[in-house]
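Student: Sequence plus the predicted model coming up.
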Amino acid sequence: MRRILLSLAFTALTLPVYSQLKVAGYPARPDKESALVDAKVPQFTLQNGTILDGIAELTRTVSEATFSFEVELGDTLPESHTPIGRFSLDLRDQTVSQILNELCRADQRYKWSRDGWMINVFPAKTTPSYLLNRNLERLSFTKVTNAQDAVFITVKQLPAPFEQIAVVQPGGNISYSQPWTSTFDHLTVRQAFNRVAEHVAPRTGWIFGGRNGFRTVMFYTGELHRVETEAK
């Protein structure tokens with residue numbers, strides 16, 4: 001049978017087999033950020049896929065959109081062959097926001113929001129102590145040269161308790177074109193990761209996964225592709 005490995009990027013163990021991410025050309029962005037979710041999609045089809053498969057399809061269908069995804073973490077890493085919330089959709093002439101609503105309705109473990117150019121898809125049930133919900137009163141970067149360092153600096157500037165995070169990058173360039181110095185006030189770790197990704201290149205998103213006690217993040221630019229392999 002065929003196994004779709006896109007959803008396997010959820011864990012540090014399976015990130016290396018995640019499809020290598022195509023760096024697409026940088027299209028012109030809409031005049032207003034809100035136009036991202038109001039854009040009409042003539043046809044959106046998902047056959048026996050996961051919510052992450054749906055997001056991957058949106059990155060191919062809506063060239064202006066950028067996405068992050070946060071897997072619902074457990075205490076153990078999921079088995080590589082385990083289907084996760086599979087479903088099918090066939091939508092016509094729907095906006096991006098309507099498609100996202102349908103994806104989250106099909107897998108009610110997730111919800112979405114927009115932060116500037118970034119569309120974040122994340123677990124619907126979390127607590128204030130969940131890492132990406134935690135607040136930073138101020139976040140400062142000084143001559144940071146890549147997204148990995150920026151992630152570690154972000155987490156280091158959180159108040160106690162210490163938070164573990166690993167950057168697992170199977171490929172792609174996440175260096176900045178020049179050292180980055182900037183300061184942000186009153187934002188969540190999720191919003192901070194959005195800023196870190198956006199500074200890599202247009203249409204750079206991120207995926208957060210792993211398990212409780214060992215969290216990972218990876219970055220991608222452009223279209224998100226799935227890899228299929230044959231299982232005997």
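Tutor: In hand now; what should we look at? Values in this document were obtained by computation on a predicted structure and should not be read as measured data. Numbering: from 1, shown residues only.
Student: count of neighbours near residue 190?
Tutor: 21 (other CB atoms under 10 Å). C-beta coordinates here come from the backbone N, C-alpha and C atoms, glycine included.
Student: what secondary structure does residue 162 sit in?
Tutor: coil (DSSP: H, G, I helix; E, B strand; the rest coil).
Student: Repeat that for the one 10 residues further on.
Tutor: Following three-state DSSP, the label given to residue 172 is coil.
Student: wait, isn't it in contact with residue 219?
Tutor: Yes. Counting by CB atoms under 8 Å, residue 172 touches residue 219, with 6.8 Å between them.
Student: what's in contact with the strand or helix carrying residue 112?
Tutor: In this structure, residue 112 is located in strand 110-115 according to DSSP states H and E. With CB atoms under 8 Å, 6 or more residues apart in numbering as the test, strand 110-115 has contacts from 33-34, 36-37, 51, 72, 100, 103-104, 119-124, 190-191, 194.
Student: Which among those residues count as buried?
Tutor: 36-37, 51, 72, 100, 103-104, 119-123, 190-191, 194 (16 or more other CB atoms under 10 Å).
Student: and the most centrally placed residue in the chain, what element?
Tutor: Geometric centre of the chain, nearest residue: residue 68, 2.1 Å, by CA atoms, centre = their mean. Assessed by DSSP H and E, residue 68 sits inside strand 66-70.
Student: could you dump the following helix or strand past that strand to PDB, C-alpha only?
Tutor: Going down the chain from strand 66-70, the next helix or strand is strand 87-95, by DSSP H and E. Output in PDB follows, covering the C-alpha atoms of strand 87-95 (Å, rounded to 0.1, in the frame of the first residue of the first chain):
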ATOM      1  CA  PHE A  87     -10.600  12.900   5.400                       C
ATOM      2  CA  SER A  88     -11.600  14.100   2.000                       C
ATOM      3  CA  LEU A  89     -12.900  17.500   0.700                       C
ATOM      4  CA  ASP A  90     -14.100  18.800  -2.600                       C
ATOM      5  CA  LEU A  91     -14.700  22.500  -2.500                       C
ATOM      6  CA  ARG A  92     -15.500  24.900  -5.300                       C
ATOM      7  CA  ASP A  93     -15.300  28.700  -5.400                       C
ATOM      8  CA  GLN A  94     -14.400  29.100  -1.700                       C
ATOM      9  CA  THR A  95     -12.200  31.700  -0.100                       C
END
